[in-house]
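> How does the following fold in three dimensions:
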Amino acid sequence: MNDTTSPATPSTTEVKKLGWLAALHVYLEPASWRMLCLGFSTGLPLLLVLGTLSFRLREAGIDRSTIGFLSWVGLAYGFKWVWSPLVDRMPLPLLTRYLGRRRSWLLFAQAMVVAGLIGMALLDPQQALEPVVWAALVVAFGSATQDIALDAFRIESADAQHQAALAATYQTGYRLAMIWAGAGVLWIAARAAGTDDTTYQHSAWQAAYLVMAASMSLGVLTVLLSPEPVQREIPPARNARAWLQGALIEPFAEFIRRYHWHAVIILGLIAVYRISDVVMGIMANPFYVDMGYTKDEVAAVTKVFGVIMTLLGAFIGGVLSMRLGVMRILMLGAVLSALTNFLFAWLATRGHDLTALVWVISADNLASGIASAAFIAYLSSLTNINYSATQYALFSSMMLLAPKWLAGFSGVYVDAHGYEAFFTSTALLGVPVLLLVWLASRILPVGGSTP
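Residues are numbered from 1 along each chain as shown. Here you go, the predicted model:
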């Protein structure tokens with residue numbers, strides 16, 4: 001066990017495995033329900049600046065290479081560790097006094113998301129693309145800041161025994177929001193467009209994005225009604241240098257001290273674990289448009305049915321992680337995520353085949369849910385409670401940085417080689433992940449027990 005001077009969250013290998021009934025019962029606790037609602041608030045903006053936006057831009061006639069490069073808006077999530085120390089320690093005027101540190105930052109971030117979504121609603125990419133990109137950046141920055149605050153809120157709201165359950169309910173809320181931000185926005189745009197939902201109409205997308213901005217109210221209400229988690233008192237810094245040492249340098253130094261050279265393997269795993277899914281996902285919506293699927297078909301199959309399968313996968317992943325251990329399920333998720341990308345390569349040979357799309361989406365999203373629940377629980381187990389926001393932001397940023405950068409070239413790759421070769425290549429990107437999961441499972445945490 002870690003000593004009391006460095007109270008890191010216990011390793012997943014140190015957590016006592018729950019019985020099946022006890023593992024299921026944690027989903028009914030108030031903390032799980034709060035995480036469901038806050039997960040919704042966190043999941044809503046992501047597709048609106050990435051997947052859904054790429055569908056909107058492709059329908060507006062923007063070329064695939066430009067869409068690929070515009071996915072770099074998502075790099076805001078990859079660099080959130082830069083300002084995470086501020087979220088971890090800096091109070092916000094007035095808000096922190098009345099709401100506490102975690103809730104004040106959550107509310108501030110949610111306000112940024114709402115403002116950015118309203119901007120994206122009012123601006124037309126066919127008339128001027130650059131203002132839309134700036135509004136999307138505001139959404140991405142606010143969303144990334146919300147991620148930082150919520151990850152700390154979640155980690156501080158429960159012990160390590162319950163982190164897998166909170167991760168699963170967080171993912172459930174997150175995926176429900178993705179249904180709404182994916183299928184819901186397409187459904188609203190299709191209804192607003194009238195009889196022809198295959199041509200671009202700015203007014204239809206404007207209505208859809210305004211509804212999405214209003215949907216953030218669920219997260220705002222949850223923040224206002226939730227208790228602030230109990231936090232360890234942080235002694236005031238003597239000067240600016242001491243503040244930087246405690247807020248910026250020490251969170252990273254503590255992680256290196258705890259894992260020594262093993263930190264390289266852990267950080268390597270974090271950096272590439274979701275690479276197959278992230279790189280593939282940028283071209284998914286342009287692929288659906290190019291294959292002739294309508295908004296309603298994409299909404300029903302990929303954004304509703306598919307996300308339901310992801311929810312099932314997250315539930316299964318959360319329960320199995322608590323029952324069998326996180327590392328085993330982490331390996332299972334890595335294998336399934338790579339294999340299901342081959343199914344998209346097969347789908348690219350089928351043309352407009354709705355039945356095949358259903359089966360491919362079912363397998364892919366089930367695998368994604370299992371992998372995500374285990375991965376979030378794994379990341380949570382690595383954090384020290386004293387630096388929860390900063391360390392988790394570092395981990396989750398690394399998870400996206402390399403994949404998002406590589407995904408920016410996805411449109412260029414598809415233009416040069418086609419969709420079938422692209423999806424096959426993304427599947428092969430997952431092969432090194434398997435070795436890193438195996439190596440990480442061999443690592444003994446400082447003071448920990450044998451896996």
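> burial count for His260?
Other residues within reach of His260, judged by other Cβ atoms under 10 Å, total 10. Quick note: C-beta positions are derived from backbone N, CA and C, even for glycine.
> Please determine how far it is located from Arg442.
14 Å (Cβ to Cβ, to the nearest Å).
> Over to Phe108?
42 Å.
> between those two, who's got more neighbours?
Phe108 (18 against 11).
> tell me the contacts of that one?
By Cβ atoms under 8 Å, 6 or more residues apart in numbering, the contact list for Phe108 reads Leu92, Leu95, Thr145.
> Which pLDDT value goes with the last one?
So the one you mean is Thr145. With respect to pLDDT, Thr145 has a value of 92.
> Might you report the residue contacts of it?
For Thr145, counting by Cβ under 8 Å, 6+ apart, the contacting residues are Lys80, Trp83, Val87, Trp105, Phe108, Ala109, Met112.
> Give me the secondary structure label for the closest residue in space to Gly100 that isn't next to it in sequence.
Nearest non-adjacent residue to Gly100, counting by Cβ to Cβ, 6 or more residues apart in numbering: Glu228, 3.2 Å away. Secondary structure assignment for Glu228 (DSSP: H, G, I helix; E, B strand; the rest coil): coil.
> wait, isn't Glu228 in contact with Tyr98?
No: checked against Cβ atoms under 8 Å, the pair Glu228 and Tyr98 is beyond contact range at 10.2 Å.
> Please identify which of the two sits among more neighbours.
Glu228 (16 against 8).
> Relative to Ala168, how far out is that one?
When Glu228 is compared with Ala168 (using Cβ to Cβ), they lie 23 Å apart.
> do Val264 as well
29 Å.
> higher neighbour count, the two?
Shown here are Val264 and Ala168; by other Cβ under 10 Å, Ala168 has more neighbours (31 against 12).
> For Ala363, which residues are in contact?
Leu336, Thr340, Leu343.
> By neighbours, which of those residues wins?
Ranking those using other Cβ under 10 Å puts Thr340 first, with 24 neighbours.
> Verify the contact between that residue and Ile370 for me.
No: with contact defined as Cβ under 8 Å, Thr340 does not reach Ile370; the gap is 10.9 Å.
> List the residues that contact Phe255.
Ala263, Leu382, Asn384, Gln391, Leu394.
> Which one (most neighbours) among these?
Gln391 (28 neighbours).
> What mean pLDDT does the helix or strand hosting it get?
Element membership for Gln391 (DSSP states H and E) is helix 388-407. Mean pLDDT, helix 388-407: 76.
> Please pull up the helix or strand immediately following it.
helix 410-417.
> Quick one: neighbours of the residue lying closest to Trp180 once chain neighbours are set aside, just the number.
Sequence neighbours aside, Ser215 is the residue nearest to Trp180 in space, at 6.3 Å (criterion: Cβ to Cβ, 6+ apart). Applying other Cβ under 10 Å, we find 19 residues neighbouring Ser215.
> what do you get for Ala192?
For Ala192, the count of nearby residues is 16 (other Cβ under 10 Å).
> per-residue pLDDT, it?
For Ala192, pLDDT reads 84.
> helix or strand for it, which one?
helix 185-193.
> quick one: Ser441 from Phe422, how far?
Applying Cβ to Cβ, the value for Ser441 to Phe422 is 31 Å.
> between these two, which one's more packed in?
Using other Cβ under 10 Å as the criterion, Ser441 and Phe422 rank with Phe422 on top: 23 against 16.
> excluding its backbone neighbours, what's nearest the more buried one?
Val414 is the one closest to Phe422 (Cβ to Cβ, 6+ apart), at 5.0 Å.
> Make sure that neighbour is actually in contact with Arg64.
Yes: here Val414 reaches Arg64: they are 5.8 Å apart, a contact under Cβ under 8 Å.
> Just give the number of residues close to Pro45.
Pro45: 29 neighbours (other Cβ under 10 Å).
> what does Ala242 give?
12.
> Correct me if wrong, but it is in a helix.
Yes: counting by three-state DSSP, Ala242 is located in a helix.
> Find residues that contact each of Val414 and Arg64.
With Cβ under 8 Å, 6+ apart, Val414 and Arg64 have common neighbours Met283, Pro286.
> Now, the contacts of Phe108 that are in helices?
Leu95, Thr145 (DSSP state H).
> Pipe the contacts of Phe108 into CSV and attach distance to Glu250 per row.
As requested, the contacts of Phe108 are arranged in CSV below (distance: Cβ to Cβ, whole Å):
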residue, distance to Glu250
Leu92, 22
Leu95, 25
Thr145, 21
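> Tell me the one among the contacts of Phe108 nearest to Val73.
Distance to Val73, by Cβ to Cβ, is smallest for Thr145 among the contacts of Phe108, at 14.7 Å.
> Okay, that closest one and Leu330: tell me how far apart.
From Thr145 to Leu330 the distance is 27 Å (Cβ to Cβ).
> For the stretch 251-400 of the chain, give me the ranges with low pLDDT.
303, 385, 388-389, 393 (pLDDT under 70).
> Could I get the contacting residues of Ala208?
Ala121, Gly184, Val185, Leu186, Ile188, Ala189, Ala192.
> Just the buried residues of the helix or strand hosting it, please?
In this assignment (DSSP H and E), Ala208 forms part of helix 202-215. Buried residues in helix 202-215, counting neighbours by 16 or more other Cβ atoms under 10 Å, are found at His202, Ala204, Trp205, Gln206, Ala207, Ala208, Tyr209, Leu210, Val211, Met212, Ala213, Ser215.
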